[in-house]
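[1] please work out how this folds:
(one chain, ligands or ions: 1)
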Amino acid sequence: VSAAGWTPDDLGDLTGTTFVVTGANSGLGFESARMLAAHGARVVLACRDAGKAGAAVSAIREELPYADVQARVLDLADLASIAAFAAGLSAGDGAIGSLDALVNNAGVMAIPRRTTADGFEMQLGTNHLGHFALTGRLLPLLRRRPGARVVTVSSGAHRFGRIRFDDLHGEHRYSPWRAYGQSKLANLLFAFELARRAQAAGLDLVSVAAHPGYAATNLQSVAPRMRNSRVMLAGAAIANRLAAQSAAAGAIPILYAAAGAGVENGAYYGPDGLFEQRGRHPKRVGASAAARDPEAARRLWEVSEQLTGVRYELAPG
Ligand SMILES: NC(=O)c1ccc[n+]([C@@H]2O[C@H](COP(=O)([O-])OP(=O)(O)OC[C@H]3O[C@@H](n4cnc5c(N)ncnc54)[C@H](OP(=O)(O)O)[C@@H]3O)[C@@H](O)[C@H]2O)c1
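    This next block holds a predicted model:
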């Protein structure tokens, strides 16, 4: 089965495979983890809050008593936490040995300006730089599985994004939506650049992007809560009720990208319905010219290496 007509039922038997899903305690990440586990995969729920992660694991086990799911703490807004997470997965008690797919899903949207533990603007820091560092650190585990996948979750919002190389962290000028657009464009530039670099190095790794359309999750309420705005919170809730699809439906392109058949290196998948806002099946979707700019992708890669201190070992062997 290729993307057309694909549903999560087509995931088949995933016994013996291992997935890491970031931000898996909520929304799309939770639904993705739940569905992968339902099909027999071992799933690591990588979440910043141990309590929420544990609750998510309990919720999955309640529905699927034999689910092979585990919670681990990962704060993408802290490079030390990312390093510790990767080290814990790679060695010692509970090490996972190899990784079939990493789903770079966690994210924050349109929040007031904040900085990460390392001083990065929070949206770029969490959505892009954190996942850049994480992917680089988990590469040795991914390399143990030929055809392993890295799925990076972007958004239609990448279309209004620009990478402000002269003010990446919004120190001179900050707008919550500009910063979100920048981070989601960065997600695509990263996914496509990783695909190119893996291919150039002859490495059997599949890097793809996915977006969920518009799905009702916690994403829309985080910024209103930070602003303590009941009006914005109510507005987000109403919009979600009227216009959004479910988180389970939003997870379909992500699940396809992570474990579907016929997924191609460098592709971008979204929902097949009207304006890619909703859909029952995944389909290959287009990206803005800015997202397809190889020079910007190379530059962002270099900046990301410098900022995170993580370098990718892509040469085979
Ligand atoms: N929902 C949509 O319509 C939509 C549309 C386009 C793209 N997306 C993308 O989909 C992805 C998932 O979002 P969602 O809609 O499922 O939202 P969500 O329900 O708010 O889930 C986001 C997840 O990311 C986690 N997270 C945030 N900051 C983190 C950090 N520093 N370290 C680790 N985890 C962190 C959150 O943890 P906490 O629970 O602890 O906050 C939560 O688990 C995001 O990348 C978003 O940009 C969503």
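
[2] against which helices or strands is the biggest helix by length in the chain packed?
    Scanning the chain for the longest helix, with DSSP state H as the assignment, gives helix 176-201. Helix 176-201 is packed against helix 122-123, helix 131-143, strand 148-153, strand 205-210, helix 294-308, with contacts defined by 3 or more C-beta pairs under 8 Å, 6 or more residues apart in numbering; DSSP states H and E. Using the backbone N, CA and C atoms, a C-beta is placed for each residue, glycine as well.

[3] what angle do that helix and helix 294-308 make?
    Going by axes from the mean of the first three to the mean of the last three C-alpha atoms, to 10 degrees, helix 176-201 is angled at 100 degrees with respect to helix 294-308.

[4] buried residues, helix 176-201. List them.
    176, 178-199 (16 or more other C-beta atoms under 10 Å).

[5] cool, stretch 237-247 as well?
    Buried, per 16+ other C-beta under 10 Å, within stretch 237-247: 240, 244, 245, 247.

[6] who are the neighbours in contact with the residue in the stretch 101-250 of the chain positioned nearest to the ligand?
    Closest residue of the stretch 101-250 of the chain to the ligand, C-beta to the nearest ligand atom: residue 107 (2.6 Å). Contacts here follow C-beta atoms under 8 Å, 6 or more residues apart in numbering; on that basis residue 107 touches 23, 123, 126, 127, 153, 183, 219.

[7] can you narrow those residues to ones near the ligand?
    Within the set of the contacts of residue 107, contact with the ligand (C-beta under 6 Å from any ligand atom) is found for 23, 126, 127, 153, 219.

[8] from memory residue 217 sits against residue 32, does it?
    No. The criterion here is C-beta atoms under 8 Å, and residue 217 misses it with residue 32 at 11.6 Å.

[9] neighbour count winner among those two?
    Ranked by neighbour count (other C-beta atoms under 10 Å), residue 217 and residue 32 place residue 32 first, with 33 against 24.

[10] up against the ligand, what does the stretch 51-200 of the chain have?
    When proximity is defined by C-beta under 6 Å from any ligand atom, the stretch 51-200 of the chain lies next to the ligand at 52, 74-77, 105-109, 126-127, 153, 155.

[11] tell me the residue furthest from the middle of this structure?
    Distance from the C-alpha centroid of the chain peaks at residue 231, with 29.1 Å (C-alpha atoms, centre = their mean).

[12] mind checking how far that one is from residue 201?
    Relative to residue 201, residue 231 is positioned 51 Å away (C-beta to C-beta, to the nearest Å).

[13] now for residue 301, how many residues are close by?
    Look at residue 301: counted by other C-beta under 10 Å, it has 18 neighbours.
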